[in-house]
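Visitor: Predicted model follows, preceded by the sequence.
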Amino acid sequence: MTVTTESPASRGSSPPVVLSWSSGKDSAYALHVLRREFHVDVVGLLTTVTDAFSRVSMHGVREELLERQADAAGLPLYRVRLPYPCPNEVYEREMGAVLAELRGRGIGRVAFGDLFLEEVRAYRESRMREAGMECLFPLWGRKTGPLAREMIDAGVRARLACVDPRKLDRSFAGRPFDASLLAALPADVDPCGERGEFHTFVSDGPMFGHAVPVRVGEVMERDGFVFADLLPAAGPGAGGDG
């Protein structure tokens with residue numbers, strides 16, 4: 001787990017918060033909203049990484065790109081390293097160990113970018129309560145159509161890193177998350193992919209101090225999902241991400 005030498009609790013009077021970080025647009029925009037609208041001190045990004053592949057769990061994003069995002073956000077990473085496959089009890093044990101360490105460092109809150117799935121929120125609240133932590137949901141209840149457009153208008157640049165082909169055609173993998181993509185989504189697909197239709201990787205936005213340029217590599221299918229292998233790119237315009 002990456003840690004800072006400074007105690008988070010000593011950084012100021014605002015309560016310290018870690019943000020559950022998927023590498024995607026919802027967690028990234030939650031960071032922007034937390035900094036802009038909430039009286040909290042975001043002190044780190046909490047991410048699950050599948051050790052066998054060195055990739056962000058579920059999104060399939062390379063760990064190198066995750067590290068570049070954290071650098072762009074100016075925040076340390078707290079990584080929960082998971083095996084593959086990972087039974088739920090192993091996930092909960094490993095997550096609990098990292099949360100206990102964070103709690104010992106004086107961090108009592110975890111923020112999530114969830115939007116409207118009540119069962120997901122209830123699960124998170126239950127797990128955090130067991131760990132002695134509180135939850136924050138800075139985007140909760142926002143209508144996802146306007147929210148998706150707000151993200152794009154605010155300068156969020158992202159690509160679809162993972163697509164569920166049962167809900168969205170595999171040709172969407174690797175596409176930019178932009179106005180043309182929103183217009184092309186089927187009517188039964190949530191504009192933010194909140195029901196798991198797709199997952200994204202954010203390469204730029206108001207939460208970053210600089211861009212994280214990427215290019216789209218191989219598109220592959222694994223475990224029933226279609227992944228666009230995003231690769232580090234040389235310059236700010238590479239891959240059309242700006």
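Guide: Looks like it arrived, so ask away. Residues are numbered from 1 along each chain as shown.
Visitor: Which phi and psi values does residue 101 adopt?
Guide: Main-chain dihedrals, residue 101, degrees, to the nearest 10: phi -70, psi -40.
Visitor: quick one, what contacts residue 48?
Guide: The contact partners of residue 48, taken as CB atoms under 8 Å, 6 or more residues apart in numbering, are 56, 57, 58, 79, 80, 81, 82, 91, 95. All C-beta spots, glycine's among them, are computed from the backbone N, C-alpha and C.
Visitor: Quick check, pLDDT for it.
Guide: According to the prediction, residue 48 has pLDDT 97.
Visitor: next one: the one 5 residues further on
Guide: On the pLDDT scale, residue 53 is placed at 94.
Visitor: That one contacts residue 83, correct?
Guide: No: using CB atoms under 8 Å, residue 53 makes no contact with residue 83, being 10.7 Å away.
Visitor: Show me the strands in this structure, by range?
Guide: Ranges of strands in the chain, per DSSP state E, are 16-20, 41-50, 55-56, 77-82, 109-111, 134-136, 157-163, 198-204, 214-222, 225-232.
Visitor: Distance to residue 180 for the ones you listed - can I get that in TSV?
Guide: Compiled in TSV, these are given as follows (distance: least, CB to CB, whole Å):
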stretch	distance to residue 180
strand 16-20	29
strand 41-50	29
strand 55-56	26
strand 77-82	32
strand 109-111	30
strand 134-136	33
strand 157-163	12
strand 198-204	15
strand 214-222	16
strand 225-232	17
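Visitor: just the helices in the chain please.
Guide: 25-37, 63-73, 88-104, 118-130, 144-153, 179-184 (DSSP state H).
Visitor: Now the first one: average pLDDT?
Guide: What helix 25-37 shows for mean pLDDT is 98.
Visitor: list the buried ones in it?
Guide: Applying a neighbour-count criterion of 16 or more other CB atoms under 10 Å, the buried positions in helix 25-37 are 25, 26, 27, 28, 29, 30, 31, 32, 33, 34.
Visitor: just the angle between it and helix 63-73, please?
Guide: Relative orientation of helix 25-37 and helix 63-73, computed by axes from the mean of the first three to the mean of the last three CA atoms, to 10 degrees: 20 degrees.
Visitor: Can you tell me which of the helices of the chain is packed in deepest?
Guide: Of all these, helix 25-37 carries the top mean neighbour count, a mean of 21, counting by mean count of other CB atoms under 10 Å.
Visitor: just checking, what packs against that helix?
Guide: The helices and strands touching helix 25-37, judged by 3 or more CB pairs under 8 Å, 6 or more residues apart in numbering; DSSP states H and E, are strand 16-20, strand 41-50, helix 144-153, strand 198-204.
Visitor: Now do it against helix 144-153: the angle between them, please.
Guide: 70 degrees.
Visitor: now the angle from helix 25-37 to strand 157-163?
Guide: 140 degrees.
Visitor: CA atoms only for helix 25-37, dumped as PDB, please.
Guide: In PDB, the C-alpha atoms belonging to helix 25-37 read as follows (Å, rounded to 0.1, in the frame of the first residue of the first chain):
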ATOM      1  CA  LYS A  25     -15.500   9.000 -14.600                       C
ATOM      2  CA  ASP A  26     -17.800   8.700 -11.600                       C
ATOM      3  CA  SER A  27     -15.100   8.400  -9.000                       C
ATOM      4  CA  ALA A  28     -13.100  11.100 -10.800                       C
ATOM      5  CA  TYR A  29     -16.000  13.500 -10.900                       C
ATOM      6  CA  ALA A  30     -16.800  12.700  -7.300                       C
ATOM      7  CA  LEU A  31     -13.200  13.900  -6.500                       C
ATOM      8  CA  HIS A  32     -14.000  17.200  -8.300                       C
ATOM      9  CA  VAL A  33     -17.300  17.600  -6.400                       C
ATOM     10  CA  LEU A  34     -15.700  16.800  -3.000                       C
ATOM     11  CA  ARG A  35     -13.000  19.300  -3.500                       C
ATOM     12  CA  ARG A  36     -15.400  22.000  -4.800                       C
ATOM     13  CA  GLU A  37     -18.500  21.500  -2.700                       C
END
